[in-house]
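Asker: structure for this input, please:
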Amino acid sequence: MRILAIDPGPTECGYVVLDGGELVECGIVPTWHCANFDIFNVLFDQSSRRDVPRLVVEMIASYGMPVGIETFETCYWIGAMCHEYNGKRIYRSTIKHHLCGSSKAKDANVRQALIDRFGPGRELAIGTKKNPGPLYGISSHCWAALALAVTYQDLGEACCVDPAREMAAKSARRHRQGFN
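Answerer: Modelled structure (predicted):
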């Protein structure tokens with residue numbers, strides 16, 4: 001299965017294409033590039049075969065703190081991307097829990113889990129310019145996109161955001177607490 005995973009941000013997006021568990025492409029593009037769907041045209045044009053990539057995008061979650069316009073713009077483009085290409089959304093906490101066993105893991109922990117998975121160890125996973133490993137060239141937002149792709153590859157649809165399921169669970173909690 002080919003997976004196109006995108007880590008959206010207010011100014012740039014990291015993306016990876018994972019094919020059968022192997023990293024085949026990664027990069028960082030300006031958000032407007034993703035927002036105008038140029039990235040999809042390039043990636044989907046190369047996929048005129050049957051194995052069109054499954055799009056997964058990291059979803060923003062509320063942690064109770066005030067946010068700015070950048071967060072709302074990112075949410076808008078996440079929705080637009082998912083709508084245009086039937087994409088799936090996955091929360092960062094789901095990724096952390098899957099790869100590290102705790103939703104309290106930090107980015108460094110997630111990166112190390114990926115290195116261990118593709119290595120083990122930095123030398124095998126990343127390698128050097130002279131002897132590159134399977135993750136050679138991964139940087140910044142691409143690490144988050146890779147974690148997203150690996151999580152989707154391992155867990156499938158079960159790890160994706162399902163608003164109907166979440167609303168039903170919230171309603172059940174409120175009912176048990178006597179708020180209905």
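
Asker: the helix or strand hosting residue 57: what's the following helix or strand?
Answerer: Assigned by DSSP states H and E, residue 57 belongs to strand 54-59. Sequence-wise, the next helix or strand downstream of strand 54-59 (DSSP H and E) is helix 69-85.

Asker: any idea of the mean pLDDT in that following helix?
Answerer: The predicted model assigns helix 69-85 a mean pLDDT of 83.

Asker: using PDB, write out every CA atom in the strand holding residue 57.
Answerer: C-alpha atoms of strand 54-59 as PDB (Å, rounded to 0.1, in the frame of the first residue of the first chain):
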ATOM      1  CA  ARG A  54      -3.800   6.800   0.500                       C
ATOM      2  CA  LEU A  55      -3.700  10.300   2.000                       C
ATOM      3  CA  VAL A  56      -3.300  10.700   5.700                       C
ATOM      4  CA  VAL A  57      -2.900  14.100   7.400                       C
ATOM      5  CA  GLU A  58      -2.000  14.900  11.000                       C
ATOM      6  CA  MET A  59      -5.000  16.400  12.700                       C
END
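
Asker: partners of it, with directions?
Answerer: Within its sheet, and counting by DSSP bridges, strand 54-59 is paired with strand 2-7 (parallel), strand 88-91 (parallel).

Asker: how far out from the middle of the chain is it?
Answerer: Computed by CA atoms, centre = their mean, to the nearest Å, the separation of strand 54-59 from the middle of its chain amounts to 5 Å.
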